[in-house]
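Asker: Need coordinates for the following:
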Amino acid sequence: MKRIVLVATALVTTVGGTGAVVPASADTGPSGAAAAAAQGIDWGKCEVSGPNDPMNNAQCAQVEVPLDYSRPQGRKISIAVSRFRHTDEENYQGVLFVNPGGPGGSGLAYGPALARWLGGVGHADVAAKYDIIGFDPRGVGSSKPAITCDPDYNDPVRPAYVPETWRDELAWIAKSKGYARDCEEKFGWMLPHMRTTDAARDVDTIRAALGQEKISWYGFSYGTYFGATYATLFPKRVRRMVMDGNVNPKNVWYDSQLEQDKAFERNIRAWFGWVAKYDSVYHLGTTEKAVRAKYYEALHAAEESPIGGKIGPAELTDIILSAGYNTGYYIPFAEALSAWINDEDPSVLLQWLGSGGDDNGFAVYLAVQGADARWPRNWAKWHHDAAKLHRQGYQFETWGNVWFNAPIAFWPFNGGPALKLKGSKDLPGMLLVQSTKDAATPVEGGLEMHKVFPSSRLVFEVGGKTHSNTLNGNACLDDKVAAYLDTGALPDGSRGPDAYCDAVPALNDPDPTAMQLKAAPGAGKDLPVGRP
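Answerer: I've put the predicted structure just below:
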């Protein structure tokens, strides 16, 4: 879907057990599932969310799966899995898988995190009824092997995203080709088996190993497409599904990044306007246009003289991009930009600079998207589409998105075709949640996913600008999610959205003069989610 701007700070110090299992090969095929369940999972103690976390009592294991499900007796890889146990024995509701998005996001820490978030919005009793299952999808994090192609690829200072000459564009093309070549040399044997359908079959193997007939699912961002893929392949294995920040199944995957370019332009301009509203605090201009001009002046200057010696225009774009994802970044990024432009103090911006070094999330993102669907192989189309959008005024993210995805144009094979998602009479009702001004997964995704799965119910967060915003302080959304996970309760159905929640003003448009709101980004969530 989109770049993983933030990396979960989960610390996994021990992953116990190997738990080799035999894969369940089909939704209705009992033999594979029975064999997997019989062998079970060898759990061990582990630390997934930091040594000072009072909820850090998860269990972990490695679950062996086939590299290629068409050859189940062939080469094996393993999936790192965590389990945060239920405490309400009387009302136990089975397993709840959680996926934070990406593709490429590590999910091991999301067992205790999801329990904590539910508790933080007053629904700890719901979390207590589930075994919450976190996992690193194939190729990710603690799963074996973890894909990485060039750890130095995204180190600063990179070339500016927007090419001023054909020579600038050729430099990025050569860089992208080199990355694709490195991936082929190191993991060419695995890349064709990185489809979301492969990962969904891994989930079903884990389900069987857990001895469960059905699973529940909580997916953020790309995790909605992941969950929808599982529901398409294994409809009889689904109990409940929460899908927050929905991927548009019609745009998998090249077209999705074009739509993002438009949505991020809108959201970043909204942030510029918000900064202008508080000019008495930030002194960057009294209109959206004035703030935007100062930002681009700083961006262009960074090409000649990187901010703090490390932040060029590409790095600055990546930092500020997060304000388009999550309004929790409005205040800190305004402070950082103000400190640099007004006081020539780079220290605040430098705190937000990614460390580089480990490109696992980036490599898996490309691997999954490159395998899932067809992408244009003719560079002229990439150039034409980007130049057209940029010319139309979508300047903030268009070329950055091009170069983030560009290695797929030179991938060692043609991916796809994309799986056709489909509903089924065997599927229970899903709960879809969609913020109407989500930039990473624009609102059309929720509407299209609702059409694909007629038994689903769609809740709009009206005016919401934060991506995948459940369990983050909007009680209207959070209560609906908790009620669904607790009892299966859903709004009445309709052809469009089935229920509406207004965005919370204090969260959607924070007031920098209210000191209590100067918390870390995403104060309701201590791990980033939905990094598409």
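Asker: For Glu303, give its distance to Tyr484.
Answerer: Glu303 sits 49 Å away from Tyr484, going by Cβ to Cβ, to the nearest Å. Quick note: C-beta positions are derived from backbone N, CA and C, even for glycine.
Asker: Those two: which is more packed in?
Answerer: The neighbour count for Glu303 versus Tyr484, taken as other Cβ atoms under 10 Å, is higher for Tyr484 (23 against 16).
Asker: ok, and the closest non-adjacent residue to the more buried one?
Answerer: The spatial neighbour of Tyr484 that comes closest, neighbours along the chain excluded (Cβ to Cβ, 6 or more residues apart in numbering), is Leu431 at 4.6 Å.
Asker: For that neighbour, grab the count of nearby residues.
Answerer: For Leu431, the neighbour count with other Cβ under 10 Å is 26.
Asker: Hmm, it is touching Ala489, no?
Answerer: No - contact criterion Cβ atoms under 8 Å: Leu431 and Ala489 do not qualify, at 9.2 Å.
Asker: isn't there a helix covering Cys65?
Answerer: Actually, residue 65 is Val rather than Cys. No - assigned with DSSP: H, G, I helix; E, B strand; the rest coil, Val65 falls outside any helix and is strand.
Asker: Bridged to it, which residues?
Answerer: Ile77 (DSSP bridges).
Asker: Could I get the contacting residues of it?
Answerer: For Val65, the contact set (Cβ atoms under 8 Å, 6 or more residues apart in numbering) comprises 21, 23, 76-79, 138, 201-202, 205.
Asker: got those residues as a markdown table, with neighbour count and pLDDT columns?
Answerer: Compiled in a markdown table, the contacts of Val65 are given as follows (neighbours: other Cβ atoms under 10 Å; pLDDT from 0 to 100):
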| residue | neighbour count | pLDDT |
| --- | --- | --- |
| Val21 | 27 | 34 |
| Pro23 | 23 | 33 |
| Lys76 | 14 | 98 |
| Ile77 | 20 | 98 |
| Ser78 | 22 | 98 |
| Ile79 | 26 | 98 |
| Arg138 | 27 | 98 |
| Arg201 | 24 | 98 |
| Asp202 | 24 | 98 |
| Thr205 | 25 | 97 |
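Asker: Mind checking which of those residues are in strands?
Answerer: 76-79 (DSSP state E).
Asker: State the helix or strand in which the nearest residue to Val481 once chain neighbours are set aside lies.
Answerer: Distance criterion Cβ to Cβ, 6+ apart; nearest residue to Val481, sequence neighbours excluded, is Thr470 at 5.3 Å. Counting by DSSP states H and E, no helix or strand carries Thr470.
Asker: Before we move on, what's the pLDDT of Thr470?
Answerer: At Thr470, the model reports a pLDDT of 97.
Asker: if we can go back for a sec, please list all residues in contact with the residue nearest to Tyr484.
Answerer: 240-243, 456-457, 459, 480-481, 484, 490.
Asker: what about 10 Å?
Answerer: Leu431 makes contact with 218, 240-244, 456-459, 470, 480-481, 483-485, 488-491, 498-499, according to Cβ atoms under 10 Å, 6 or more residues apart in numbering.
Asker: swap in Asn474?
Answerer: By Cβ under 10 Å, 6+ apart, the contact set of Asn474 is 121, 433, 435, 461, 464, 466, 480-481, 501-504, 507-508, 524.
Asker: Residue ranges in this structure under the pLDDT threshold?
Answerer: 1-39, 49-56, 355-357, 515-532 (pLDDT under 70).
Asker: Longest helix in it, by number of residues?
Answerer: Using DSSP state H, we find that the single longest helix of the chain is helix 254-277.
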